[in-house]
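Enquirer: coordinates only, sequence not included:
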């Protein structure tokens with residue numbers, strides 16, 4: 001019997017690659033997306049489309065009420081999205097307090113409930129400078145807790161934890177993935193803005209891989 005894994009799936013290019021990496025690794029995937037009150041739902045729409053095409057069970061969990069507690073980020077509140085690269089100080093405005101600890105905790109609970117022994121999670125090295133809950137020490141400590149929080153230990157697995165978005169894209173292109181099925185931009189307009197940190201890092205990854213980004217951009 002094929003082993004089950006839960007995949008935290010936002011609909012962005014990193015989690016899209018992680019989802020297909022889990023499939024490539026031979027697992028039965030259970031993608032899990034969250035509506036946590038983010039400023040737009042375009043990523044969730046892209047995630048739903050991919051899961052429908054793959055024919056896999058996809059859960060989208062509405063936890064938007066939590067925004068009453070963890071607001072104050074430009075991703076969840078009426079604060080202008082900063083422009084520039086992820087490593088710039090201004091990008092700290094995009095940090096959502098404790099987000100990944102909350103999402104991983106629920107994903108681990110879901111894994112236990114369906115008999116999965118692993119949660120795939122798309123943290124990578126490009127996030128380390130700005131996002132504390134994407135750093136290796138955070139993932140390790142969450143793994144320590146996950147091993148003892150239930151009768152059934154669940155591993156939190158981050159296949160790209162020590163590599164960059166460039167490398168993630170390289171792996172995805174090797175798998176033949178179509179990144180037109182992903183949305184990365186922090187703004188939810190018709191086209192990607194091309195200026196926010198998420199767009200900048202995505203465009204850099206495509207440039208470094210020598211292939212054009214299939215998404216349309218405003219500029």
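Expert: Now that the structure is in, tell me what you want to look at. Just so it is clear, the model here is predicted, and its values are computed rather than measured. Numbering: from 1, shown residues only.
Enquirer: ok, residue 5 - contacts?
Expert: Listed by C-beta atoms under 8 Å, 6 or more residues apart in numbering, the contact partners of residue 5 are 22, 27, 28, 29, 30, 111, 116, 117, 118, 119, 120, 157. Quick note: C-beta positions are derived from backbone N, CA and C, even for glycine.
Enquirer: from residue 107, how far off is the second one?
Expert: In this structure, residue 27 and residue 107 are separated by 14 Å, where distance is defined by C-beta to C-beta, to the nearest Å.
Enquirer: so which of these two has more stuff around it?
Expert: residue 107 (26 against 19; other C-beta atoms under 10 Å).
Enquirer: ok, which stretches of the protein are helices?
Expert: Assigned by DSSP state H, the helices in the chain fall at 13-24, 42-54, 99-114, 136-146, 165-174, 197-209.
Enquirer: among those, which is the most enclosed?
Expert: The highest average neighbour count among the helices of the chain, using mean count of other C-beta atoms under 10 Å, belongs to helix 13-24 at a mean of 23.
Enquirer: who does it touch, helix- and strand-wise?
Expert: For helix 13-24, the elements it packs on are strand 4-8, strand 28-35, helix 42-54, strand 118-120, helix 165-174, judged by 3 or more C-beta pairs under 8 Å, 6 or more residues apart in numbering; DSSP states H and E.
Enquirer: please work out which residues outside that helix touch it.
Expert: Outside helix 13-24, the residues that touch it by C-beta under 8 Å, 6+ apart are 5, 7-9, 29, 31, 47, 50, 54, 120-122, 124, 159-160, 165, 168-169, 171-172, 175, 177, 179, 181-182, 184, 202, 205.
Enquirer: what about 7 Å?
Expert: Residues outside helix 13-24 that contact it (C-beta atoms under 7 Å, 6 or more residues apart in numbering) are 5, 7-9, 29, 31, 50, 120, 122, 124, 159, 165, 168-169, 171-172, 175, 177, 179, 181-182, 184, 202.
Enquirer: residue contacts, residue 49?
Expert: Going by C-beta under 7 Å, 6+ apart, residue 49 touches residue 181.
Enquirer: quick check, pLDDT for it.
Expert: Predicted confidence (pLDDT) for residue 49: 98.
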